[in-house]
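Student: following is a predicted model, sequence given first.
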Amino acid sequence: MRLLLVISLLMAGCAASKAPLPEQPNAPTSEGIVATVGKQWDQADQKVAASVAIARENADKPEVVRSETSVALSFLPAPEAGELALARARASKADQKDYAEAVAFGKKLLAQIDANWAKVEADNREALRVSQLKDARIKELTAEVERVKREASANLWTMAGVGCALIGAVATAFVGPKVGLPLLACGAAIGAFPFVIDSPWFPWVAGLFAAVLAGLGIWVAYDAASDKVHESDPK
């Protein structure tokens, strides 16, 4: 019981010495999701910008302007009624000051969107890093628990072997070697059992032992059958 308490305290000390994991950002941990969305978004923006630029270059060709702006609109969501009303009012007024304010607002909004997207990408990288740290910590703690369990089991076998050896020593002293020595041998075998199990040679040794037992069994069965057959032989 004291041994298990000491092991628990050692584990608690090891856990306390570990640096706390950083807080994981609220973002997807799969780097491919953000990268794919960003690439598709950039591709759509480039196509819209190209169509609008070509429409401006061909402002004197209404059919080209109409066709290119149709291509640009295909990459955009349907405008809300309020935004359409504002754009119509701006076009009917045709005041360059209104256009300048709209352009300035668009540039400011685009810069804000780019900054927010950069933060999303940074949060995603941090979320992936923290997720990998958590996976590594879980793997480390799982290995530590398994190691402690193996050590606790080995210690129990060792204590059992020591107890059996002590009984064998007492039996040797008071009863005789015929009783004590087998107990001493059993104690040694019990204490060595967990180390034998963990040995890479254990499967081969166990297989050889099983083969020897099988051979002995076959030999005993053959000998018993042979004796049975020769019971009726004349003496």
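Tutor: Structure's in. What do you need?
Student: please report the distance of residue 113 from residue 150.
Tutor: 55 Å (Cβ to Cβ, to the nearest Å). No exception for glycine: its C-beta is placed from N, CA and C like everyone else's.
Student: where does this structure have low pLDDT?
Tutor: For the chain, the stretches with pLDDT under 70 are 1-19, 21, 24-34, 193, 195-199, 201-202, 205-206, 209, 213, 227-235.
Student: for it, which segments count as helices?
Tutor: Using DSSP state H, the helices of the chain run over 2-17, 31-57, 62-74, 81-93, 96-174, 177-198, 202-229.
Student: CSV please, covering these and showing mean neighbour count and distance to residue 23.
Tutor: Formatted as CSV, those follow (neighbours: other Cβ atoms under 10 Å; distance: least, Cβ to Cβ, whole Å):
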stretch, mean neighbour count, distance to residue 23
helix 2-17, 10, 19
helix 31-57, 13, 19
helix 62-74, 14, 42
helix 81-93, 10, 38
helix 96-174, 13, 8
helix 177-198, 15, 40
helix 202-229, 10, 46
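Student: center of this protein, which residue is that?
Tutor: The chain has residue 135 as the residue nearest its centroid, 4.4 Å off, counting by Cα atoms, centre = their mean.
Student: tell me the domain boundaries of the chain?
Tutor: 28-148, 151-222 (automatic domain parsing).
Student: need those in JSON lines (columns: distance to residue 22).
Tutor: Below are these laid out as JSON lines (distance: least, Cβ to Cβ, whole Å):
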{"stretch": "domain 28-148", "distance to residue 22": "6"}
{"stretch": "domain 151-222", "distance to residue 22": "32"}
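Student: go through those and name the closest to residue 20.
Tutor: Comparison of the domains of the chain against residue 20 by Cβ to Cβ identifies domain 28-148 as nearest, at 10.3 Å.
Student: chain center to that closest one, what's the gap?
Tutor: Taking Cα atoms, centre = their mean, to the nearest Å, one finds domain 28-148 lying 32 Å from the centre of the chain it belongs to.
Student: same question, stretch 176-190
Tutor: Mean-position distance between stretch 176-190 and its chain equals 48 Å (Cα atoms, centre = their mean).
Student: list of residues touching that stretch?
Tutor: 157, 160-173 (Cβ atoms under 8 Å, 6 or more residues apart in numbering).
Student: run the last query once more with 7 Å
Tutor: Contact with stretch 176-190 is made by 157, 160, 161, 162, 164, 165, 167, 168, 169, 171, 172, as judged by Cβ atoms under 7 Å, 6 or more residues apart in numbering.
Student: for the third one, give me its contacts.
Tutor: For residue 161, the set of contacting residues under the criterion of Cβ under 7 Å, 6+ apart consists of 187, 188, 190, 191.
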